[in-house]
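Student: For reference, the sequence and a predicted model appear below.
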Amino acid sequence: MQTKPLLKKGLIVGLIVLLGTNILPLMSCSSTENHQSIGCSPQIGLNKISDDIVNWTINGTMGMNGWYVSPITFTCTYDNETVAKVYYKVHAGDEWELYTEPFTVYTQGALEFFWYWVDYQGIPEAPEGPFVFKIDYTPPTISLTVTAQNCCHTKWLFHATASDATSGVSYVEFWVDDVLVGNATAFPYEFIYYGRGNIAQAQAYDYAGNYGLTEMISMPLISQQSPNQNSPSVQPDDNDHKRTQFLNNAPLTVPFIIRFNSYIKIEYDGQYVNHSFIRDIAYAIPVNIGYRADVPSVLLHSNFWLSQLVKNWILFRSFIAPSATINVSTENVPSWAEIYPSTPNILMPVDNEWVIASFVVVVIIHSQAPSGPFGFTINTVAPAFHRINGYLNSINITITVQ
């Protein structure tokens, strides 16, 4: 899943011209791709009317709901034949300052602007204000936890922790594999997702239109179904595999009882590697691994619990059939890159049908990386049990740095 801004907002310059205190707001608002604007207030408290002697221009990037999402700059022009000096302050409790040149306000929150002018006889006009402006250009903070709610991993609880100190959190969106699946508009920011996926993320928006995105969260999938034949997966040919090997590290105790082999297959989604990788951006390559053992069904399954205990003891030297922990790792990773599996240890039931698990390989290319292609290796290792051999399978993947 490529990292990208999920909020498409126009950066619209809000221009407010104060003619004396005659204010002509020329502002606009925008909306998100998936949500309409909650409501825009291009002016707040700008309702004074006066003469045309002093003109103030306020420039900044307007976000949502009347909030500027950038610092704002004040510029004053006036009639030099009438006005000798102009004074201003940006908060009620501040000291008056003499205007000499345009100035920028970086303070976030609500701003109350006052001003007055003095003629050449030293006579001041009555102060004008307050004129209220709101500034928030800091994204909200957000984190996400994803918890499976059933053993099939088809029901998930998404729980986001979000906060914004200035304009406040407006809503939180929840995404699975780059697809919007739901949102929450009030605390607690939770959502129940039904289905499967590889990567979950959440994005929080504040009332100003800023957004914060969580890191990619792996949704480990264990399924008894084979992969969807219509999915854009790549079946590696023999040249893709680095090595395969049976691991017989559990010695036989009864010589005439045969051993069984286990197997691992690896598939990856080619559309996630057939492009140039940009430096300092995290990418996720979806990978499926399959695991099975060539144990006859008569030894694996029984309708009578006592006979199943006996069969488990014969196969595993345990009355309870253990799960196979598939170890996933990467190697041949350059020093200028971070490449690692999202789930380094995957639990798989032992069966004579393919059991499929999904994870992602996270790829981050650092700024000092050279341009061009390079390769790395994904290693998977299945353990050996009492009567079942272990297995090792590896695959090479080549990607290109932009």
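Tutor: Yes, it's here. What you see is a predicted model; the values in this text were computed from it and never measured.
Student: hey, let's count contacts and neighbours off CA atoms from now on
Tutor: OK.
Student: For the closest residue in space to residue 77 that isn't next to it in sequence, name its beta-bridge partners.
Tutor: Leaving aside its chain neighbours, residue 77 sits nearest to residue 55 (5.1 Å; criterion: CA to CA, 6 or more residues apart in numbering). Residue 55 forms beta bridges with residue 19, residue 77, as assigned by DSSP bridges.
Student: So what are the sheet partners of whatever helix or strand residue 325 lives in and their directions?
Tutor: Under the criterion of DSSP states H and E, residue 325 resides in strand 324-331. Sheet pairing here is set by DSSP bridges, and for strand 324-331 it gives strand 345-348 (antiparallel), strand 372-382 (antiparallel).
Student: What is the burial count for the residue nearest to residue 77?
Tutor: By the measure other CA atoms under 10 Å, the count of residues near residue 55 is 19.
Student: Which pLDDT does the model give it?
Tutor: We have a pLDDT of 88 for residue 55.
Student: May I see the buried residues of stretch 177-191?
Tutor: Judged by neighbour count (16 or more other CA atoms under 10 Å), stretch 177-191 contains these buried residues: 177-178, 182-184, 189-191.
Student: mind listing which of those are in strands?
Tutor: Using DSSP state E, the subset of these located in strands is 182-184, 189-191.
Student: Taking these together, which two end up most distant?
Tutor: 182 and 189 (10.8 Å; CA to CA).
Student: Strands along the stretch 251-400 of the chain, start to end?
Tutor: Using DSSP state E, counting those that start in this stretch, the strands of the stretch 251-400 of the chain run over residues 262-269, 276-277, 282-293, 324-331, 337-341, 345-348, 355-365, 372-382, 390-401.
Student: Rebuild those as CSV, extending it with distance to residue 105, mean neighbour count and mean pLDDT.
Tutor: As requested, these are exported to CSV (distance: least, CA to CA, whole Å; neighbours: other CA atoms under 10 Å; pLDDT from 0 to 100):
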stretch, distance to residue 105, mean neighbour count, mean pLDDT
strand 262-269, 49, 20, 86
strand 276-277, 38, 18, 90
strand 282-293, 34, 21, 88
strand 324-331, 49, 19, 89
strand 337-341, 40, 18, 92
strand 345-348, 52, 18, 86
strand 355-365, 37, 22, 89
strand 372-382, 45, 18, 90
strand 390-401, 41, 19, 88
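Student: can you list the domains in this protein?
Tutor: The record's domain parsing of the chain by automatic domain parsing lists 12-135, 141-219, 222-401.
Student: which residues of the stretch 151-300 of the chain score low on pLDDT?
Tutor: Scanning the stretch 151-300 of the chain with the threshold set as pLDDT under 70 gives 152, 220-258.
Student: hey, where'd the helices end up in it?
Tutor: Here the stretch 151-300 of the chain has its helices, by DSSP state H, counting those that start in this stretch, at 297-300.
Student: Is residue 267 bridged to anything, and to what?
Tutor: With DSSP bridges as the criterion, residue 267 is bridged to residue 288.
Student: Sort out which residues of the lengthiest helix in the chain are buried, please.
Tutor: Looking across the chain with DSSP state H, the single longest helix is helix 305-316. In terms of neighbour count (16+ other CA under 10 Å), helix 305-316 has its buried residues at 308-309, 311-313, 315-316.
Student: ditto for stretch 96-115
Tutor: Of all the residues in stretch 96-115, those buried under the rule 16+ other CA under 10 Å are 96, 99, 108-115.
Student: Return the set of residues that bridge with the closest residue to residue 343 other than its chain neighbours.
Tutor: Spatial nearest neighbour of residue 343, chain neighbours left out: residue 359 (6.2 Å); criterion: CA to CA, 6+ apart. With DSSP bridges as the criterion, residue 359 is bridged to residue 287.
Student: wait, isn't residue 359 in contact with residue 341?
Tutor: Yes. Counting by CA atoms under 8 Å, residue 359 touches residue 341, with 7.2 Å between them.
Student: tally of neighbours for residue 120?
Tutor: Residue 120: 12 surrounding residues under other CA under 10 Å.
Student: Can you check the pLDDT for it?
Tutor: Among the per-residue scores, residue 120 holds a pLDDT of 94.
Student: my guess is it meets residue 84, correct?
Tutor: Yes. Counting by CA under 8 Å, residue 84 is a contact partner of residue 120 at 5.2 Å.
Student: now the strands: where do they sit in the stretch 51-200 of the chain?
Tutor: 54-62, 67-68, 72-78, 83-89, 97-98, 103-105, 109-119, 128-135, 141-148, 155-163, 169-176, 179-184, 189-194, 199-206.
Student: which neighbours does the fifth one have in its sheet, and in what orientation?
Tutor: Sheet pairing of strand 97-98 (DSSP bridges) gives strand 83-89 (antiparallel).
Student: Next, the angle strand 109-119 makes with the partner strand.
Tutor: Strand 83-89 runs at 160 degrees relative to strand 109-119, counting by axes from the mean of the first three to the mean of the last three CA atoms, to 10 degrees.
Student: so how far is strand 83-89 from its chain's centroid?
Tutor: 48 Å (CA atoms, centre = their mean, to the nearest Å).
Student: what's the burial count for the closest residue to residue 78 other than its chain neighbours?
Tutor: In this structure, residue 78 finds its nearest non-sequential neighbour in residue 54, 4.3 Å apart by CA to CA, 6+ apart. Residues lying near residue 54 (other CA under 10 Å) number 23.
Student: I figured residue 54 was touching residue 81, is that so?
Tutor: No. Applying CA under 8 Å as the test, residue 54 and residue 81 come out as separate, 11.7 Å apart.
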